[in-house]
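In: Below is the sequence, then the predicted model.
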Amino acid sequence: MSIALYRIDDRLIHGQVVLGWGQPLDAGFIVLVDDAVAASEWERELYAMGVPPGMEVHFLATAECPAALERFRADPRPGILLTADVATMRALCEQGAVSAVNVGGIHHRADRTQRLRYVFLSPDEERSLREIAARGIPVTAQDVPSARPVPIDELVVTATAP
């Protein structure tokens, strides 16, 4: 089945990803791509505790992801690829590893502007998402599967008051 969802979510593995997306997709595995988490045994163990029995989690550094994805694409089960930030997802897109981007939760920070209830973006992050889309990779924001996917053009022009 391959990777069914390529998601940016700064909380990484949590209930909305595991239950909200994992159950409807019948996900058998999660590929968490984050350099800091991949390098930290403690963080890997912590995130692995958030994955239910029967679902595997794999931790990769950004540089090793494209080569490793061939193995996950050959897996008959659907999977989820997660990054914590736009920059990591952009790097994977530039390496040809991603077919579509789901912007999940990107939360408030001083340099970010609220775009949706669950998405705050800096000007650099907006630029990066537009560059991903310019590569022909669909970019939408969607917190849960039942919500309407918000296309990139709506995401970066519709600001709401914080």
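Out: Arrived safely.

In: Now the element after the least confident helix or strand in the chain by mean pLDDT, going C-ward?
Out: One helix or strand of the chain scores below all others by mean pLDDT, DSSP states H and E: helix 15, with a mean of 86. The first helix or strand that comes after helix 15 along the chain, using DSSP states H and E, is helix 22-25.

In: which strands and helices sit next to that following helix?
Out: Under the contact criterion of 3 or more Cβ pairs under 8 Å, 6 or more residues apart in numbering; DSSP states H and E, helix 22-25 touches strand 78-83. C-beta coordinates here come from the backbone N, C-alpha and C atoms, glycine included.

In: now the strand it packs on, how far from the chain's geometric center?
Out: Here strand 78-83 is found 7 Å from its chain centre; the criterion is Cα atoms, centre = their mean, to the nearest Å.

In: I'd like the numbering to begin with 6 instead of 1 from here.
Out: OK, 6 is where the count begins now, so the last one is strand 83-88.

In: send the alpha carbons of it over as CSV?
Out: What follows is strand 83-88, C-alpha atoms only, in CSV (Å, rounded to 0.1, in the frame of the first residue of the first chain):
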residue,chain,number,x,y,z
PRO,A,83,-0.7,1.6,4.7
GLY,A,84,1.7,3.9,6.5
ILE,A,85,2.1,7.4,7.8
LEU,A,86,5.2,9.5,7.4
LEU,A,87,5.5,12.3,10.0
THR,A,88,7.8,15.3,10.2
